[in-house]
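I'd like to go over a predicted model; first the sequence, then the structure.
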Amino acid sequence: MKTKPKIVNFVSEVRNIGNLIAVLGIERMLESRFAPALRIDCRRFAQVEIDAYDVALVGGAGLFHSCFTEFWTWLARQRIPVMIWGVGVCLPVDHPSVSDMRRFGAPPEQIDLIQDRLIFCNVRDDLTQQRYRLGGSVTACPSVVYVQDRLASGRRPTTVLYSHHPELLTDSERTEIVKRCTDSTDNLFDNCDPVEILDKFASARLVVTSRLHGAILAASLGRPYVAICRDQKISAFVARYGGGLILEDFACLDEAISAASNVAASPLDSSAIRRVGNEANLLLGRLFC
């Protein structure tokens, strides 16, 4: 007789709003009978008795970043079926302002080693799918579902929000952006409630960001945005999902803000993301229930 699966969900526990709401988006789409028995940071994989679980769910957020290479090396040695959901790669561009020099994601050859155990695969952009030669679906991050379902609506957006990323901009660039914005957030919630960060996006009429989730949150809510392209994942998001403008030449900041202010943005269509959630539930139901 089939039974309820025991699922371990590997995530990033860095206190970044993108990491948090990606996981909450998956949680919202999973049926309660498939709720993970354990949620744990990928970097703490050594603490997991993997043979006690039926499925390893890896998702969401940038879990193909090079800092998770040891996790993928370990997972490749296990025998457990794997689900990848809403995961992406981080690939900073070669630019003088970029202080995060970890330019490469986890090695593709490590991901190749789990291909025969992948029972479900969804990634957040074409860049990730092509780099890791993955099948399955490509949709925007599961965080879109959480934002659209749970974030307060109906308020009148008034602010110009700067969602910044300290490793991808210089101090002088940040100073110039701040002059043109009326509010800011760094997307980290070490010293605040994550709801405060989400409220800032709900109150924004325009977002200027060098963060992927700055663009994702803006697009989810139908707010136009200017995406400062210092990581390939940002250009990949804008190319596939739209809703904003890419800024490659910082000297054109004023022109980009002016142009984005005139973009008639509408909330990102989440129907494909929700279909992926339905597919995950159907798969787990066929395999285990």
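Perfect, I can see it now.

which residues does the nearest residue to residue 189 once chain neighbours are set aside contact?
Of all residues not flanking residue 189 in the chain, residue 15 sits nearest, at 5.3 Å (C-beta to C-beta, 6 or more residues apart in numbering). All C-beta atoms are positioned from the backbone trio N, CA, C, and that covers glycine. Taking C-beta atoms under 8 Å, 6 or more residues apart in numbering as the criterion, residue 15 is in contact with 188-190.

Please report how far residue 15 lies from residue 88.
Distance check for residue 15 against residue 88: by C-beta to C-beta, to the nearest Å, it reads 19 Å.

Then residue 12?
Taken as C-beta to C-beta, the spacing of residue 12 relative to residue 88 amounts to 11 Å.

Show me whatever sits in contact with both of these two.
Common neighbours of residue 12 and residue 88 (C-beta under 8 Å, 6+ apart) are 61-63.

which intervals of the stretch 101-250 of the chain have sub-threshold pLDDT?
Filtered on pLDDT under 70, the stretch 101-250 of the chain yields the residue ranges 101-103, 152-154.

and whichever strand or helix holds residue 272, what does it pack onto?
Using DSSP states H and E, residue 272 sits within helix 271-288. If you count contacts as 3 or more C-beta pairs under 8 Å, 6 or more residues apart in numbering; DSSP states H and E, helix 271-288 packs onto helix 17-29, strand 82-87, strand 118-123, strand 137-138, helix 143-150.

Most neighbours out of the shared contacts of residue 12 and residue 88, which is it?
Counting neighbours by other C-beta atoms under 10 Å, the top entry in those is residue 61, with 28 neighbours.

Surely that one is in contact with residue 23?
Yes: counting by C-beta atoms under 8 Å, residue 23 is a contact partner of residue 61 at 7.4 Å.

hey, what's in contact with both of these two?
With the criterion set as C-beta under 8 Å, 6+ apart, the overlap between the contacts of residue 61 and residue 23 is residue 11.

how far is stretch 149-158 from where the chain is centred?
For stretch 149-158, the separation from the chain centroid amounts to 21 Å (computed by C-alpha atoms, centre = their mean, to the nearest Å).

What residues sit buried inside that stretch?
Residues of stretch 149-158 classed as buried by neighbour count (16 or more other C-beta atoms under 10 Å): 151, 157.

now the end-to-end length of it.
Across its full length, stretch 149-158 reaches 22 Å between end residues, using C-alpha to C-alpha, to the nearest Å.

Check the secondary structure at residue 57 for me.
When classified by DSSP: H, G, I helix; E, B strand; the rest coil, residue 57 comes out as strand.

Quick check: pLDDT value at it.
At residue 57, the pLDDT value in this model is 98.

Could you count how many residues lie near it?
The burial metric for residue 57, expressed as a neighbour count using other C-beta under 10 Å, is 26.

In contact with it, which residues?
Contact analysis of residue 57 by C-beta under 8 Å, 6+ apart lists 7-10, 26, 36, 83, 85.

Show me where the chain has its helices.
17-29, 69-76, 108-112, 126-131, 143-150, 171-180, 194-202, 212-221, 232-241, 253-261, 271-288 (DSSP state H).

Please identify the most buried of those.
Comparing the helices of the chain on average neighbours per residue, with mean count of other C-beta atoms under 10 Å, the densest one is helix 212-221 at a mean of 28.

Give the other helices and strands that that helix contacts.
For helix 212-221, the elements it packs on are helix 17-29, helix 143-150, strand 159-163, helix 194-202, strand 204-209, strand 225-228, helix 232-241, strand 244-247, judged by 3+ C-beta pairs under 8 Å, 6+ apart.

Go through the shared contacts of residue 12 and residue 88 and name the one nearest residue 197.
Taking C-beta to C-beta as the measure, residue 197 sits nearest to residue 61 out of the shared contacts of residue 12 and residue 88, at 15.2 Å.

tell me which residues form a beta bridge with that closest one?
residue 87 (DSSP bridges).

Show me how the chain divides into domains.
Taking automatic domain parsing as the domain assignment, the ranges for the chain are 7-145+271-288, 153-261.

what's the spacing between the longest one and its chain's center?
Relative to the mean C-alpha coordinate of its chain, domain 7-145+271-288 is positioned 10 Å out (C-alpha atoms, centre = their mean).
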